[in-house]
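Give me a 3D structure for the following:
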Amino acid sequence: MKKDWNDISINKNKNTEIMEIIHLKSYGPVAALKREFRKQMLVMLLVPALLLLTNVNDMVHALSSVLFWSYVAFCFGVIAFAYRNYQIARKMEAMDGAVRSNLEQQIEVLETRLRWKIVGLRVVLLFFIVLIEVLPYFQHYRMLDKWHALAPMIRFGAYAALLVTQYFSNRFVMQRKFGTHLDYLKRLVQEMQD
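Next comes the predicted model:
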């Protein structure tokens with residue numbers, strides 16, 4: 001009977017230590033996830049501003065550009081997605097050891113959302129490829145006119161190379177920025193169960 005009580009107290013202390021690791025405000029795994037989501041939001045806010053700055057001499061043309069507004073829509077979509085993920089990470093930070101199953105669920109939600117993000121980035125890249133190919137029929141851009149002057153084999157070869165590069169680099173970047181922290185959180189939650 002006494003042995004059972006000792007096991008419970010050891011397990012309880014272990015759970016408390018794990019929750020302390022998760023709740024570390026400055027350098028815990030949840031803090032690292034939050035930091036990455038904030039970086040994404042900041043960078044995506046800067047992209048439209050930089051596009052406007054590069055076109056400051058021809059602002060009217062930039063603001064009437066389908067390509068510019070497509071970039072803006074993409075950036076705000078990424079911001080909304082990152083903000084939602086940031087909120088999930090904040091919820092994880094607020095949990096205590098009594099809600100281990102809830103923590104597991106939040107980790108699973110973030111992993112699913114990161115898989116969606118990889119697929120979404122591929123879809124967006126395909127959208128921009130189609131837009132670049134179709135847009136010169138409706139609006140003229142010097143850059144796109146030069147691009148369309150190239151042989152179709154060169155253009156489509158570049159698109160294929162870009163798609164292949166994105167396929168491998170997205171997985172690597174997502175794992176490095178988010179996956180390692182989520183894997184660490186899963187290990188901590190698993191230790192709570194043991």
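
CA atoms for contacts and neighbours, from now on please.
Will do.

Show me how far the helix or strand hosting Phe81 is from its chain's centre.
Using DSSP states H and E, Phe81 maps to helix 66-94. Its chain's average C-alpha position is 8 Å from that of helix 66-94, according to C-alpha atoms, centre = their mean, to the nearest Å.

What of stretch 28-44?
With C-alpha atoms, centre = their mean, you get 9 Å for stretch 28-44.

If we go by neighbour counts, what in it is buried?
Across stretch 28-44, burial judged by 16 or more other C-alpha atoms under 10 Å covers 28-38, 40-41, 44.

now swap in stretch 177-191 and tell me
178-179, 181-182, 185-186, 188-189.

tell me the mean pLDDT over the longest helix seen in the chain?
Criterion DSSP state H: the longest helix present in the chain is helix 100-134. Summarised as a single mean, pLDDT over helix 100-134 is 87.

Check which helices and strands that helix sits against.
Counting contacts by 3 or more C-alpha pairs under 8 Å, 6 or more residues apart in numbering; DSSP states H and E, helix 100-134 packs against helix 66-94, helix 152-174, helix 180-193.

Reformat those as JSON lines; add distance to Tyr137.
Shown next, in JSON lines, are the helices and strands packed on helix 100-134 (distance: least, C-alpha to C-alpha, whole Å):
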{"stretch": "helix 66-94", "distance to Tyr137": "12"}
{"stretch": "helix 152-174", "distance to Tyr137": "16"}
{"stretch": "helix 180-193", "distance to Tyr137": "45"}
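
For stretch 65-80, give me every contacting residue.
40-41, 44-45, 47-48, 51, 62-63, 124, 131, 139 (C-alpha atoms under 8 Å, 6 or more residues apart in numbering).
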